[in-house]
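Student: Sequence below, structure please.
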Amino acid sequence: MRRKQSLAEIIEFLKKDEQFKHQVVHAHTIEPEEAKTAEMPASVDPKLKSALAARGIHNLYTHQAAAYELAHMKKSFVAVTPTASGKTLCYNLPVLQQILNDESSRALYLFPTKALAQDQKSELNELITELGVNINSYTYDGDTAPNIRNVIRKAGHIVMTNPDMLHSAILPHHTKWVSLFENLKYIVIDELHIYRGIFGSHVANVIRRLKRICRFYGSNPVFICTSATIANPQELAENLLEEKMSLVNNNGAPSGRKHFLFYNPPIVNKPLNIRKSATLEVRKIASELLKNKIQTIVFARSRVRVEIILTYLQELIKGELGNQTIRGYRGGYLPKQRREIEKGLRNGDILGVVSTNALELGVDIGQLQVCIMTGYPGTIASAWQQAGRA
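Tutor: Residues are numbered from 1 along each chain as shown. Have a look, this model is predicted:
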């Protein structure tokens, strides 16, 4: 039985091995960075401080502290930091503080996907449980049972939804949501970079309606947006929301050393310049990593390609790992399956996952060791988001 190689050894192997080295066209290393922290603000409730301390959070990163101060001063802002840098606390902290100050306060969270809303809900509920205060947070989407919908309208302090549901199920029935709209203090828009192009212009109109209804009920909520690294976050936020936004981009989160390898499949037909299928090359590289028990995520551009790569990999390492340790993840899976996969990735039961860009957004799957992108995802923001999964 061969010795398991470490990740560093595999990176060297890819750079030096005959069958791989000519295909690695560029290698780049980003050096690690230390955390930059700030004191916990004095205005944070002692109960909230101790709930955070119980989760190992004693100080805030510089961007979280800046975000809290702006929210505290009732200024709308957009926070832009890399994947897994604790953006969630940029909005959860001021929202929970506001509800502790005044229990009639309400907040509306907008996430682009149902999976993301579910994920954020479980994280927030853990913090609320730690707090020991009666704060109700609910997701309101297509999966919400009719009998629970009424409870959410009347008693939800924090309502998490997506632009579709806001447009079709909340705004047209605003008379049923009076307690939300009258007391709405914060509107959180997560993954702002998704709202571009046609989709972005639709969402901008939905937000116009949302603001109009808020004015009708006499509330003037603060907008908190978070985004992946893009070139013009402030401009995007101001165009989408039609109001002045502050920018928070002083990232204080620590980051480990990252190695980027750009790999070009070998040419199989010189005169026509035809290259070998990227899918086959991904299979080869991923199986090398998985055989060495290195937790890996493979991103593919389409659902069909996800299934093809998944079948390949499960066949290749069936004997060595057992079938369940490599899973697929895409739209069309049942919520229960998706939760199971996310949990398996966090606790290490699942060694590899092949996914569409459904896992690109901030679903908490912990930190994997390697991310393989099959082809360019289409935008630099997406490329950074996917790379940030490792």
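
Student: Worst mean pLDDT across the helices and strands of the chain, which element?
Tutor: The least trusted helix or strand in the chain, going by mean pLDDT, DSSP states H and E, turns out to be helix 318-321, with a mean of 70.

Student: Return the mean pLDDT over stretch 255-275, rounded to an integer.
Tutor: Here stretch 255-275 scores 91 as its mean pLDDT.

Student: Would you pull up how far it lies from the middle of the chain?
Tutor: Going by CA atoms, centre = their mean, to the nearest Å, the spacing between the C-alpha centre of stretch 255-275 and its chain's C-alpha centre is 28 Å.

Student: Keeping just the C-alphas, turn it into CSV.
Tutor: Below are the C-alpha coordinates for stretch 255-275, written out as CSV (Å, rounded to 0.1, in the frame of the first residue of the first chain):
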residue,chain,number,x,y,z
SER,A,255,-5.9,33.9,5.4
GLY,A,256,-3.7,30.9,4.8
ARG,A,257,-1.2,30.4,2.0
LYS,A,258,-2.9,29.8,-1.3
HIS,A,259,-1.4,28.1,-4.4
PHE,A,260,-3.0,28.7,-7.8
LEU,A,261,-2.1,26.4,-10.7
PHE,A,262,-3.4,27.1,-14.2
TYR,A,263,-3.7,23.9,-16.1
ASN,A,264,-4.2,23.5,-19.8
PRO,A,265,-5.3,20.1,-21.2
PRO,A,266,-2.7,18.6,-23.6
ILE,A,267,-3.1,19.0,-27.4
VAL,A,268,-4.3,15.8,-29.0
ASN,A,269,-4.5,17.1,-32.6
LYS,A,270,-1.7,19.5,-33.5
PRO,A,271,-2.9,20.7,-37.0
LEU,A,272,-6.4,21.5,-35.7
ASN,A,273,-5.2,22.6,-32.2
ILE,A,274,-7.7,20.3,-30.5
ARG,A,275,-7.1,19.7,-26.8
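
Student: can you tell me which residues contact Asn347?
Tutor: If you count contacts by CB atoms under 8 Å, 6 or more residues apart in numbering, Asn347 has none. (Each C-beta comes from the backbone N, C-alpha and C, glycine too.)

Student: for it, phi and psi?
Tutor: Backbone torsions of Asn347, given as degrees, to the nearest 10, read phi -90, psi 0.

Student: That one and Glu340, how far apart?
Tutor: Distance of Asn347 to Glu340, given as CB to CB, to the nearest Å: 11 Å.

Student: Strands of the stretch 51-200 of the chain, residue ranges please.
Tutor: Residue ranges of the strands in the stretch 51-200 of the chain, as given by DSSP state E, counting those that start in this stretch, are 60-61, 77-80, 106-110, 137-139, 158-161, 184-189.

Student: Packing partners of the least confident helix or strand of the chain?
Tutor: Packing partners of helix 318-321 (3 or more CB pairs under 8 Å, 6 or more residues apart in numbering; DSSP states H and E): none among the helices and strands.
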